[in-house]
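> Build me a structure from this.
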Amino acid sequence: MAGMITDEKDEKIKTKTPVHVHMDDDGYAANVFWADSMSTLDYGLFSDFVGVNYHSKSCIFDSTLCLDQTTERFKWLFKVLTKAMNEKHPKVVPTDSGSAIAVAVSLIWP
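Numbering: from 1, shown residues only. Reported below is the predicted structural model:
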């Protein structure tokens, strides 16, 4: 994949690996998301099966570093995941009810 978004201002980076960086108000990286070509391929094939391939092995779809575990951070993550994975989102996301992740899932992937 060619250039991907780096921050909320839609600035571009030329890279083969989707990399998304969200900067805080002071200009520091607050969240970082990346997924290599194998991750995006696996996601296209197995995202409906909660990251398990044909051999019952776990698949890693992306790697993410987040400053905290708030609903806003998870909303950011799910937006960039959807964009990096060609607008495809998972059909199943196991979470704890009432958690920040569950709230973000309901807002981004209703």
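
> Setting the sequence-adjacent residues aside, check what's closest to the residue nearest the centre of the chain.
In the chain, the residue lying closest to the centroid (Cα atoms, centre = their mean) is Leu81, at 2.8 Å. Nearest residue to Leu81, sequence neighbours excluded (Cβ to Cβ, 6 or more residues apart in numbering): Asp62, at 6.1 Å. Where C-beta positions appear, they are placed from N, C-alpha and C, glycine not excepted.

> hmm, back to that, gap between the residue nearest to the centre of the chain and Ser58?
According to Cβ to Cβ, to the nearest Å, Leu81 and Ser58 sit 17 Å apart.

> returning to that earlier point: model confidence for the residue nearest to the centre of the chain, exactly?
Among the per-residue scores, Leu81 shows a pLDDT of 85.

> Same check on Ile5?
On the pLDDT scale, Ile5 is placed at 44.

> again with Asp42
pLDDT, read off for Asp42, is 78.

> What of Ser39?
Note on Ser39: pLDDT of 76.

> so how many other residues sit close to it?
Neighbour count for Ser39, taken as other Cβ atoms under 10 Å: 19.

> Below-threshold pLDDT in the protein: ranges please.
Within the chain, the segments meeting pLDDT under 70 span 1-17, 47-51.

> Show me the strands in it, by range?
Applying DSSP state E to the chain gives strands spanning 4-5, 12-13, 19-23, 29-34, 63-66.
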